[in-house]
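*Asks:* what would the 3D arrangement of this be:
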Amino acid sequence: MGSLGGGTERSRCHAGDHRLPAVDDDGRSSYDELVERRERLTRALAALDGGAGTKKRVRWEQIAEYVAQHPAAMPAEIAAVLEIPAANAHAHLGRNEGTVFERRVDGWHVIEGWEALRRGEDDG
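*Replies:* Now for the predicted structure:
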């Protein structure tokens, strides 16, 4: 019987890579969904590790836009999606807590009316 992968392949896997993904109603996940999930998890791990490729700067408005679309977001998730260090996401959340962001038991949320606090952006 053949094995499910060589030793070198297994040694390159992260702890969570061997888990089976959720399947949709017909019992299958699409390949694209699996690739997207793996990329998202890889970015999350890199952000948590302060890995390479996470040096991009973002404004708090970008984080607020993400949190508005994804209520209960956590700093590591935000960092992975925006490709920034988790410490930067956490710093923006903390600096703007109470005015733009609200920390709840389930994660971070935007406060209604946060858009009025945006810094002036060029309209044209």
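*Asks:* just checking, next helix/strand downstream of the helix or strand of the chain with the lowest mean pLDDT?
*Replies:* Counting by mean pLDDT, DSSP states H and E, the weakest-scoring helix or strand in the chain turns out to be helix 7-12, with a mean of 41. Downstream of helix 7-12, the first helix or strand assigned by DSSP states H and E is helix 31-49.
*Asks:* avg pLDDT for that following helix?
*Replies:* Mean pLDDT, computed over helix 31-49, is 73.
*Asks:* that helix - contacts with which helices or strands?
*Replies:* In terms of contacts (3 or more Cβ pairs under 8 Å, 6 or more residues apart in numbering; DSSP states H and E), helix 31-49 is packed against helix 75-82. In this view, the C-beta of every residue, glycine as well, is placed from N, C-alpha and C.
*Asks:* then the helix it packs on to CSV, C-alphas only?
*Replies:* Extracted in CSV, the C-alpha atoms of helix 75-82 (Å, rounded to 0.1, in the frame of the first residue of the first chain):
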residue,chain,number,x,y,z
PRO,A,75,-7.0,41.3,14.8
ALA,A,76,-5.2,38.2,13.4
GLU,A,77,-8.0,37.8,10.8
ILE,A,78,-7.9,41.5,9.8
ALA,A,79,-4.1,41.3,9.6
ALA,A,80,-4.2,38.2,7.4
VAL,A,81,-6.8,39.7,4.9
LEU,A,82,-5.1,43.1,4.7
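*Asks:* please shift the residue numbers so they start at 18 in all later answers.
*Replies:* Shifting the count to begin at 18 puts that one at helix 92-99.
*Asks:* quick check: next helix or strand after it?
*Replies:* Downstream of helix 92-99, the next assigned helix or strand under DSSP H and E is helix 103-112.
*Asks:* tilt between that following helix and helix 92-99?
*Replies:* 120 degrees (axes from the mean of the first three to the mean of the last three Cα atoms, to 10 degrees).
*Asks:* show the average pLDDT along the helix or strand immediately after helix 103-112 in the chain.
*Replies:* Counting by DSSP H and E, the element after helix 103-112 in chain order, helix or strand, is strand 118-121. Averaging pLDDT along strand 118-121 gives 96.
*Asks:* good, we can wrap up now.
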